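J.: here is my input; please provide its structure:
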Amino acid sequence: MDRAEKFLAAKTFAVAGASNQQHKYGNKVFRALLLSERDTFPLNPNQSVIEGHQAYASLKDLPVVPESLSIITPPQATRQVVAEAISVGVKHIWMQPGAEDQKASESARRAGIEVIDDGRCVLVLLAWQ
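T.: Here you go, the predicted model:
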């Protein structure tokens, strides 16, 4: 099983950078995970509800620790999200195109987290399932 398959095999997911703006990738990734019937939580410190689901300001606020985390944030925010992911015990991180940050990737790998940061987009993989 490759890293992408392991990421999608998780039981719980979170999307950092989820939003209510349907043209934004954070919304598209969140909706795609929901449509594929995955237990998914939106993360956005500036919104309380996203697509009818309670949104959370941070990973620490979630009722469970998600196994997989999709990140759609600017690279400077990615570092903070990854630091929090390390502290709560996330197992898989997928940095969507544009969210990649080398230092964050290195930190996550050192912590034992499987990281996808090679420019692939989860939306492409979900479209083929």
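J.: going forward, measure contacts and count neighbours with C-alpha atoms only.
T.: OK.
J.: ok, the closest residue to Pro45 other than its chain neighbours - contacts?
T.: The shortest distance from Pro45 to any non-neighbouring residue, by C-alpha to C-alpha, 6 or more residues apart in numbering, is to Ala57 (3.7 Å). The contact partners of Ala57, by C-alpha atoms under 8 Å, 6 or more residues apart in numbering, come to Leu43, Asn44, Pro45, Asn46, Gln47.
J.: give me the beta-bridge partners of the first one?
T.: What that stands for is Leu43. In this structure, Leu43 has the following beta-bridge partners (DSSP bridges): Ala16, Tyr56.
J.: and for it, the neighbour number?
T.: Other residues within reach of Leu43 by the criterion other C-alpha atoms under 10 Å amount to 30.
J.: can you report phi and psi for Ala18?
T.: Backbone torsions for Ala18, taken as degrees, to the nearest 10, come to phi -60, psi 150.
J.: quick check: beta-bridge partners of the residue lying closest to Leu8 once chain neighbours are set aside?
T.: Of all residues not flanking Leu8 in the chain, Ser68 sits nearest, at 7.6 Å (C-alpha to C-alpha, 6+ apart). For Ser68, the beta-bridge partners are Phe13, His92 (DSSP bridges).
J.: next one, pLDDT for Ser68 please.
T.: pLDDT for Ser68: 98.
J.: please report the distance of it from Gln80.
T.: According to C-alpha to C-alpha, to the nearest Å, Ser68 stands 16 Å off from Gln80.
J.: ok, Trp94 - contacts?
T.: Under the criterion of C-alpha under 8 Å, 6+ apart, the contact partners of Trp94 comprise Phe7, Ser68, Leu69, Ser70, Ile71, Val115, Ile116, Asp117, Val122.
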